[in-house]
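Undergrad: sequence? don't have it. structure:
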C-alpha cells in the first residue's frame with residue numbers, strides 16, 4: 001500500500017479565513033466572559049474582605065434601652081428602663097442607670113461589659129463623667145469616677161486605677177477634656193487623665209483659661225485674688241488680679257486690677273491700661289477691642305489698625321478680619337482694604353480646613369480660598385475633618401471638594417468605601433471603585449456609605465438601608481421627615497434627636 005506524503009494544503013481544501021476569524025473571535029469572547037466573571041468575583045471578594053470599624057451604640061425599642069454593635073448584633077437586649085451610656089463607643093463598657101429617684105435627683109450606676117457581666121463592683125459607686133463646651137456640645141469623659149468609704153478616685157474604662165479613692169470629690173473642668181478638679185479639705189487642685197498632679201490642692205476655685213489646656217488655668221486663692229498656672233505647673237500670673245478674662249494670645253492676658261482693665265504678659269508688663277471697654281481676642285500682635293459699643297483693632301502699643309466702627313469683628317488669618325456692619329458681613333484687612341464686600345448674612349473662616357464660607361440670602365454658601373476667590377457655590381452638606389473633604393449640594397446633586405477647594409470624585413475622596421453613590425436620569429444607585437454598577441438606579445434619594453458600611457436609600461417617600469455589598473437589609477419603609485440626619489446601622493436608624501446619639505427602629 002502506497003502512502004502519500006501529507007500536505008498542509010491541497011487544491012480541494014483551502015483555508016477558510018472567515019471561519020478562522022470567527023473561531024478566534026468566539027474564543028476571545030469566551031475568554032473575556034471568564035475574565036469578566038473573574039473580575040466580578042474579585043470585586044465581590046474585595047467587598048467581602050473589607051473590614052469596617054467596630055463600635056457600640058445605644059438603641060431604643062418599645063420603651064426600653066439596649067446596645068448594638070456596628071455589625072448589627074444586639075449586645076445588650078433592649079430591656080433597661082433608663083438610657084444606657086457608652087463613654088467610649090470603641091470599648092464594650094456600658095453604664096446602666098438604676099434606682100432613679102427623681103425627687104432628689106439620685107441614682108445608681110452599674111457598669112457592664114458585652115457579656116452583661118457587671119464590672120468594678122468592688123467600689124461602692126461608679127459614675128460616668130459628663131462634660132460640655134460653651135456651645136453646650138456634650139461628651140463623656142473616658143474615665144470613670146469611683147467611690148469607696150466616702151472617698152473618690154478615678155479609674156480607666158479598662159479598670160486601671162488612675163487616682164486612688166483618697167479625694168473628697170472629683171469633678172470635670174467644664175469645657176476641657178481629660179483634666180479633673182480634685183477637692184481635699186475644701187481646697188481644689190487639678191489632675192490629668194493619667195493621674196498626674198497639675199495644680200496642688202490649695203485653691204478655692206479653678207477654671208480653664210481657654211478650651212485648650214495648654215494655655216493654662218485660672219486659680220482663685222483664699223483672699224479672692226486670681227492668677228494663672230500653666231499646665232507644666234509654672235506660674236504665668238501671680239494671684240493678685242480681681243478678674244481675668246478667658247482670653248489668651250501671644251503670651252498676653254486680659255486682667256482687671258484696681259478696677260481697671262489692661263493687657264499683661266507673663267513678665268507682668270502692662271499694656272492698654274484703661275484704654276478699652278472690652279477685649280474679644282488677642283491675635284498675634286493685634287487685639288480686637290470694644291469701645292463705645294463698636295469693635296476695632298489695635299496693637300499692644302495702642303496703635304490703631306482698624307477703626308472701632310464695626311458691630312462685630314472676628315479674626316480670620318494673617319491680617320484679615322471678618323467684619324459686621326449694618327447686619328451684613330464682609331472681610332477687611334488691617335490696611336483698611338475691603339477684600340470681600342458686605343453682602344453676606346454670615347461669614348466664617350474654618351482654620352482647620354483653611355477656607356472661607358460666606359452665606360448669602362438664598363441660604364447658599366460661597367466657598368472661597370485665601371485669595372478670596374469663589375471656588376464653588378451651593379449648600380454645604382458635610383465638612384469632614386477626618387478625611388479632609390467638603391460635600392456640597394449643587395443643582396440637585398452632590399459634589400466633593402478637598403480642603404484646597406479642588407473638585408474630586410467621590411471614589412477619590414471616599415477611597416475606603418466599598419460602594420459609591422451615583423446618579424443617572426435623576427435616580428440614585430451605587431457603583432464600585434471601578435465604576436461598575438452594583439445597585440441599579442432606582443432610588444429618589446440616597447446617602448454615601450457611612451464608616452460602618454451602611455447606606456440609606458429612599459424610594460416612594462420611604463427610607464431603608466443597604467449593606468456594604470449593596471444588598472437590602474431594610475426595605476424602604478421608614479418615614480423620617482423629622483430626622484435631620486438619615487443614618488443606619490443594620491436595621492436601626494439614627495433617632496430624630498441626633499444630639500442624643502442613639503438608634504431606634
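TA: In hand now; what should we look at? Everything numeric here is computed off the predicted structure, so don't read it as measured data.

Undergrad: when you work out contacts or count neighbours from here on, use the C-alpha atoms and nothing else.
TA: Fine.

Undergrad: would you mind naming the residues that bridge with the closest residue to residue 84 other than its chain neighbours?
TA: Of all residues not flanking residue 84 in the chain, residue 96 sits nearest, at 5.0 Å (C-alpha to C-alpha, 6 or more residues apart in numbering). Judged by DSSP bridges, the bridge partners of residue 96 are residue 110.

Undergrad: list the buried residues for stretch 233-249?
TA: Using 16 or more other C-alpha atoms under 10 Å as the test for burial, stretch 233-249 gives 236-237, 239-249.

Undergrad: run a quick neighbour tally on residue 463.
TA: 25 (other C-alpha atoms under 10 Å).

Undergrad: next up, the contacts around it.
TA: 456-457, 475-480 (C-alpha atoms under 8 Å, 6 or more residues apart in numbering).

Undergrad: biggest separation within the residues you listed, which pair?
TA: Largest separation among the contacts of residue 463 by C-alpha to C-alpha: 475 and 480, giving 13.7 Å.

Undergrad: please work out how many residues are found near the residue nearest to residue 84.
TA: Residue 96 has 22 neighbours, counted by other C-alpha under 10 Å.

Undergrad: now residue 196
TA: Using other C-alpha under 10 Å, residue 196 has 12 neighbouring residues.

Undergrad: do you know how far it is from residue 276?
TA: 39 Å (C-alpha to C-alpha, to the nearest Å).

Undergrad: then residue 249?
TA: Counting by C-alpha to C-alpha, the gap from residue 249 to residue 276 is 17 Å.

Undergrad: which stretches of the protein aren't confidently modelled?
TA: Along the chain, segments meeting pLDDT under 70 span 1-49.

Undergrad: give me the domain ranges for it.
TA: In terms of domains, the chain is parsed into 17-49, 416-505 (source: automatic domain parsing).

Undergrad: out of these, which one sits most buried?
TA: Most buried of the domains of the chain, by mean neighbour count (mean count of other C-alpha atoms under 10 Å): domain 416-505, with a mean of 19.

Undergrad: quote the end-to-end distance of it.
TA: End-to-end distance (C-alpha to C-alpha), domain 416-505: 28 Å.

Undergrad: sec struct for residue 412, please.
TA: helix (DSSP: H, G, I helix; E, B strand; the rest coil).

Undergrad: now it: how far from residue 242?
TA: Using C-alpha to C-alpha, residue 412 is found at 55 Å from residue 242.

Undergrad: and if you look at residue 500?
TA: Between residue 500 and residue 242 the computed distance is 39 Å (C-alpha to C-alpha).

Undergrad: and if you look at residue 232?
TA: Separation of residue 232 from residue 242 (C-alpha to C-alpha) stands at 24 Å.

Undergrad: and residue 481, by the same measure?
TA: Separation of residue 481 from residue 242 (C-alpha to C-alpha) stands at 52 Å.

Undergrad: I'd say residue 152 and residue 165 touch.
TA: Yes - between residue 152 and residue 165 there is a contact under C-alpha atoms under 8 Å: 4.5 Å.

Undergrad: tell me, what's touching these two both at once?
TA: Taking C-alpha under 8 Å, 6+ apart as the criterion, residue 152 and residue 165 both touch residue 146.

Undergrad: so those two - more neighbours on which side?
TA: The neighbour comparison of residue 152 against residue 165 (other C-alpha under 10 Å) goes to residue 152, with 24 against 21.

Undergrad: what residues are up against that one?
TA: Residues near residue 152 by C-alpha under 8 Å, 6+ apart: 145-146, 164-170.

Undergrad: show me what contacts residue 188?
TA: Residue 188 touches 181-182, 200-206, counting by C-alpha under 8 Å, 6+ apart.

Undergrad: again with residue 307
TA: The contact partners of residue 307, taken as C-alpha under 8 Å, 6+ apart, are 295-297.

Undergrad: in strands, which of those residues fall?
TA: When DSSP state E defines the strands, the subset of the contacts of residue 307 inside them is 295-297.

Undergrad: can you tell me which of these are buried?
TA: Counted by 16+ other C-alpha under 10 Å, the ones in strands among the contacts of residue 307 give 295-297 as buried.

Undergrad: which of those residues sits closest to residue 347?
TA: Using C-alpha to C-alpha, those come closest to residue 347 at residue 295, 16.7 Å.

Undergrad: for the residue nearest to that closest one when sequence neighbours are not counted, give me phi and psi.
TA: Counting by C-alpha to C-alpha, 6+ apart, residue 295 lies nearest to residue 308, which is 4.5 Å off, once chain neighbours are set aside. Residue 308 adopts backbone torsions of phi -80, psi 70, taken as degrees, to the nearest 10.

Undergrad: and the gap between residue 308 and residue 275?
TA: 12 Å.

Undergrad: okay, the two: which has more neighbours?
TA: The residue with more neighbours, out of residue 308 and residue 275, is residue 308; 20 against 15, by other C-alpha under 10 Å.

Undergrad: how about the contacts made by the more buried one?
TA: Applying C-alpha under 8 Å, 6+ apart to residue 308 gives the contacts 289-291, 294-297.

Undergrad: for stretch 407-425, measure first residue to last.
TA: 22 Å.

Undergrad: determine how far it lies from the middle of the whole chain.
TA: Taking the mean of its C-alpha atoms, stretch 407-425 sits 21 Å from the chain's own mean (C-alpha atoms, centre = their mean, to the nearest Å).

Undergrad: one more: stretch 96-105?
TA: On the basis of C-alpha atoms, centre = their mean, stretch 96-105 sits 31 Å off its chain's mean C-alpha point.

Undergrad: contacts for that stretch, please.
TA: With C-alpha under 8 Å, 6+ apart, stretch 96-105 has contacts from 80, 82-85, 106-112.

Undergrad: ok, stretch 242-253 next?
TA: 208-210, 215, 218, 224-227, 254-259, 263-266, 280-285.

Undergrad: what about 7 Å?
TA: By C-alpha atoms under 7 Å, 6 or more residues apart in numbering, the surrounding residues in contact with stretch 242-253 are 209-210, 225-226, 254-257, 263-266, 281-284.

Undergrad: which pair in the residues you listed has the greatest spatial separation?
TA: Farthest-apart pair in these is 225 and 284; separation 27.6 Å (C-alpha to C-alpha).

Undergrad: other SSEs contacting the host helix or strand of residue 473?
TA: According to DSSP states H and E, residue 473 maps onto strand 472-478. Here strand 472-478 touches strand 462-466, going by 3 or more C-alpha pairs under 7 Å, 6 or more residues apart in numbering; DSSP states H and E.

Undergrad: what residues sit buried inside stretch 310-319?
TA: For stretch 310-319, burial by neighbour count (16+ other C-alpha under 10 Å) applies to 310-316.

Undergrad: got the end-to-end distance for that stretch?
TA: 16 Å.

Undergrad: again with stretch 85-103
TA: 22 Å.

Undergrad: the helices in the stretch 1-150 of the chain, which residues?
TA: Listed in chain order, the helices of the stretch 1-150 of the chain (DSSP state H, counting those that start in this stretch) span 17-49.

Undergrad: show me where it has its strands.
TA: Taking DSSP state E, counting those that start in this stretch as the test, the strands found in the stretch 1-150 of the chain are 56-61, 64-69, 74-80, 94-101, 106-112, 118-119, 125-132, 138-148.

Undergrad: could those strands be laid out in CSV, adding distance to residue 462?
TA: Output for these, formatted as CSV (distance: least, C-alpha to C-alpha, whole Å):
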stretch, distance to residue 462
strand 56-61, 20
strand 64-69, 24
strand 74-80, 25
strand 94-101, 33
strand 106-112, 37
strand 118-119, 40
strand 125-132, 35
strand 138-148, 31
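
Undergrad: quick one: closest of these to residue 157.
TA: Closest to residue 157 of these is strand 138-148 (C-alpha to C-alpha; 5.6 Å).
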